[in-house]
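Visitor: Quick one: sequence and predicted model below, then my questions.
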Amino acid sequence: EAGVTQSPTHLIKTRGQQATLRCSPISGHTSVYWYQQALGLGLQFLLWYDEGEERNRGNFPPRFSGRQFPNYSSELNVNALELEDSALYLCASSLAPGQLILGYGYTFGSGTRLTVV
Amino acid sequence: GEDVEQSLFLSVREGDSSVINCTYTDSSSTYLYWYKQEPGAGLQLLTYIFSNMDMKQDQRLTVLLNKKDKHLSLRIADTQTGDSAIYFCAESPSTSGTYKYIFGTGTRLKVLA
């Protein structure tokens, strides 16, 4: 079974540009979660998509946005990039949301390292 | 608040036991998790414990849960150099309705040969 795949692995952008990050969940998983892992700050919850809709977002400005496609893959877009957006962006998928409280947990991808210069 | 706290660093000698501690915030969390992140990789689910349990053992891993103090620990027996990684604890507050995890800052475990 293929795991959660993210692309690209690395992305270098200049300040003010836009970045698009992609995630393909495990087959059968309908929920996709995005987390930002900035240096020294642990994992910060960004967005949760399920069945094509945004279900919840973390404490991030509106220039962080995304969507989920009918095949459950997802895109994270970051507009007007700032230097502090440099981080590892992790995508995770899970079965339907209710499964999370049954201990199944997330399955994470390897992440996209975004560097803003 | 939504703070899950962990110490940042732990260094142990190969063959010794490692104990990584975590303090969480929400007593409604049904499950608590430990994830491992190796360099350059995503997070891998190591183990989890249901909130009505005090202890769970899985091969070299032992999870202890103290609900009264909201304290979670992960013990790794016979620590190996391959255990060097960042370990995150996570809670999923069942009252949040958002089905998101709240992660700690991670503990970087360094195993000395």
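Guide: Looks like it came in fine. Numbering: from 1, shown residues only, chains lettered A, B, ... in the order given.

Visitor: make it CA atoms for all contacts and neighbour counts henceforth
Guide: OK.

Visitor: Can you list the low-confidence ranges for chain B?
Guide: Scanning chain B for pLDDT under 70 picks out B:1-2, B:94-99.

Visitor: Please list the residues of it that sit near chain A.
Guide: Contacts of chain B with chain A, taken as Cα under 8 Å from any Cα of the partner chain, map to B:30-31, B:33, B:40-45, B:48-50, B:92, B:94, B:98-106.

Visitor: So which of the residues you listed sit within helices?
Guide: With helices defined by DSSP state H, no entry of the residues of chain B next to chain A lies inside them.

Visitor: Counting only strands, which of these make the cut?
Guide: Per DSSP state E, strands hold the following members of the residues of chain B next to chain A: B:30-31, B:33, B:43-45, B:48-50, B:92, B:102-103.

Visitor: how about the strands in chain A?
Guide: A:5-7, A:10-13, A:19-24, A:31-37, A:43-50, A:53-57, A:64-68, A:74-78, A:87-94, A:107-108, A:112-116.

Visitor: Now that we have the residues of chain B next to chain A, which of them are buried?
Guide: Buried by 16 or more other Cα atoms under 10 Å in any protein chain shown: B:30-31, B:33, B:42-45, B:48-50, B:92, B:94, B:99-106, out of the residues of chain B next to chain A.

Visitor: where does chain A have its least confident helix or strand?
Guide: Within chain A, confidence by mean pLDDT, DSSP states H and E is lowest for strand A:107-108 among all helices and strands, at a mean of 86.
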